[in-house]
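[1] please work out how this folds:
(chains A and B)
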2 protein chains.
Amino acid sequence: MSDTLPVTERTRLRRSHERGCFDREAIYAILDAQPMCSVGYVIDGKPFVTPTLQWREGNHVYWHGSSASRALRHSRDADVCLSVAILDGFVLARSGMHHSVNSRSVTLYGRAFKVEDPAEKHAKLGRFVDTLFPGRYGTLRPDHAQDLKATMVLGLEIAEGSAKTRSGGPKDEDADYELPIWAGVLPVRSVVGAPEPDPRNLSGVEMPAHVRGFRL
Amino acid sequence: MSDTLPVTERTRLRRSHERGCFDREAIYAILDAQPMCSVGYVIDGKPFVTPTLQWREGNHVYWHGSSASRALRHSRDADVCLSVAILDGFVLARSGMHHSVNSRSVTLYGRAFKVEDPAEKHAKLGRFVDTLFPGRYGTLRPDHAQDLKATMVLGLEIAEGSAKTRSGGPKDEDADYELPIWAGVLPVRSVVGAPEPDPRNLSGVEMPAHVRGFRL
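    Residues are numbered from 1 along each chain as shown, chains lettered A, B, ... in the order given. Here you go, the predicted model:
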């Protein structure tokens, strides 16, 4: 498997192509940093975008939902675009034009497939829980067969797409550095607050390490 | 103008429709809370999603980019889907099935239009800066005419779409509350760090109130 994804007609379409990156490890790192994603699909020629959670296993990303979901039914065996975007900060420049954001994003294209095999689907859903909270799945009430049946898992090979990253301070025009205008960066990050135990937790149940140690 | 958006074929398509909300003020509040959005559009029948920043003026949302951007050229006078999604926390339940996320999201549908009038476009770009950083635009180096010409502003009327919110703790099945499994919420929020002044700021230039007081 190549370390980089190919440049294709679709990936060439991206705005600011000069910042596009086709490096597999860079793409993986962004997917792994943020489970929230947006999946784009088409129904009757019109665009739809659904926010959902993705997880990565090797060279594939997966997401899931109700088997009855029209979003999933229209993404299955169809072209999708999966986007992950992380806001890292606001970049304040000396002109409006050069204001920007620091961010990391990945856009993937391809045909989504349904994970058909029930045992494989079950394993993937368990891995989804464990990707976020290592070791948690084995501690849970085992899944009901009818719940698994009512759940669809879709996958997408990481074969076409790119990453885009902007970091650092403002880039102004030479003459503008003479101006008495405050420029700089307002960094933004996601933080995880103190865990909020369910009031109905049984007494004596301790907070597990995958909760205490959770980081985004 | 009605306080609620109509239920349409497209908004009915949403997963977990039972949590859909068509209240205009609820939709506005989510749009105003997070400038990052994902715009979905179609090229040659295939879905594309581009992360960008949106800002709201009354009953419209706007976004912008290079006039040469294929993303913007294919969104203009075309059907788009604009999605804003804010992750508020991870919900850990007693079974895998009932794990969830707390989140607020808005999905809007419609035909994007280009802001044609140069003066109106200019005013909108200034308002974009001031929406994030009140009063900043007037302090900046005035825009160059050629930069404005190279920038496209697209708008979308907030006429079709819905909001979706999930908050609170896990909802488990009755029998599962007897199990000695830790359940609860890991809250997530975006925080703004200490402003990072550009090392090339002129000496004596003070940090403005719109930077010091910036909140997401």
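[2] so after the host helix or strand of A:Val61, what's the next helix or strand?
    Secondary structure assigned from DSSP states H and E places A:Val61 in strand A:60-66. Sequence order places helix A:70-75 as the next helix or strand after strand A:60-66, per DSSP H and E.
[3] which residues of chain A score low on pLDDT?
    Within chain A, the ranges that satisfy pLDDT under 70 run A:13-19.
[4] how about the helices in it?
    Taking DSSP state H as the test, the helices found in chain A are A:9-12, A:24-33, A:70-75, A:118-132, A:145-149, A:209-212.
[5] export those to a markdown table and tack on mean neighbour count?
    Just so you know, the C-beta spots here come from the backbone N, C-alpha and C atoms, and that holds for glycine as well. A markdown table is the format used below for these (neighbours: other Cβ atoms under 10 Å in any protein chain shown):
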| stretch | mean neighbour count |
| --- | --- |
| helix A:9-12 | 15 |
| helix A:24-33 | 16 |
| helix A:70-75 | 22 |
| helix A:118-132 | 17 |
| helix A:145-149 | 12 |
| helix A:209-212 | 15 |
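[6] for A:Leu179, find the nearest of those.
    Smallest distance to A:Leu179 across those (Cβ to Cβ): 34.7 Å, for helix A:24-33.
[7] does any bit of the closest one sit next to chain B?
    No. Contact of helix A:24-33 with chain B is not found when judged by Cβ under 8 Å from any Cβ of the partner chain; the minimum separation is 11.6 Å.
[8] look up how far chain B lies from the residue nearest to A:Ser2 when sequence neighbours are not counted.
    Using Cβ to Cβ, 6 or more residues apart in numbering or on different chains and skipping the chain neighbours, the partner closest in space to A:Ser2 is A:Arg24 (7.5 Å). Look at A:Arg24 and chain B: by Cβ to the nearest Cβ, to the nearest Å, they are 20 Å apart.
[9] same check on A:Met97?
    5 Å.
[10] for the strand ranked longest in chain A, packing partners?
    Longest strand in chain A by number of residues (criterion: DSSP state E): strand A:79-92. The helices and strands touching strand A:79-92, judged by 3 or more Cβ pairs under 8 Å, 6 or more residues apart in numbering or on different chains; DSSP states H and E, are helix A:24-33, strand A:36-43, strand A:100-111, strand A:184-192, strand B:36-43, strand B:46-53.
[11] can you rerun that using 6 Å?
    strand A:36-43, strand A:100-111, strand A:184-192, strand B:46-53 (3 or more Cβ pairs under 6 Å, 6 or more residues apart in numbering or on different chains; DSSP states H and E).
[12] which parts of the strand holding A:Val61 are buried?
    For strand A:60-66, burial by neighbour count (16 or more other Cβ atoms under 10 Å in any protein chain shown) applies to A:60-65.
[13] now narrow these to whatever sits close to chain B.
    A:Gly65 (Cβ under 6 Å from any Cβ of the partner chain).
[14] closest one of the buried residues of strand A:60-66 to chain B?
    A:Gly65 (5.8 Å; Cβ to the nearest Cβ).
[15] excluding sequence neighbours, find me the nearest residue to that closest one.
    A:Leu72 (4.7 Å).
[16] surely that neighbour is in contact with A:Val153?
    No. A:Leu72 lies out of contact with A:Val153 (Cβ atoms under 6 Å); the separation is 9.0 Å.
[17] which one in chain A is furthest away from the centre?
    The C-alpha centroid of chain A is most remote from A:Glu178, which lies 40.3 Å away (Cα atoms, centre = their mean).
[18] could you measure from that residue over to B:Asp44?
    Distance, A:Glu178 to B:Asp44, by Cβ to Cβ, to the nearest Å: 47 Å.
[19] for A:Thr11, same thing?
    14 Å.
[20] what's the answer for A:Gly204, then?
    Counting by Cβ to Cβ - A:Gly204 and B:Asp44 are separated by 60 Å.
[21] so which of these two has more stuff around it?
    Neighbour totals were compared for A:Gly204 and B:Asp44, and B:Asp44 leads with 9 against 6 (other Cβ atoms under 10 Å in any protein chain shown).
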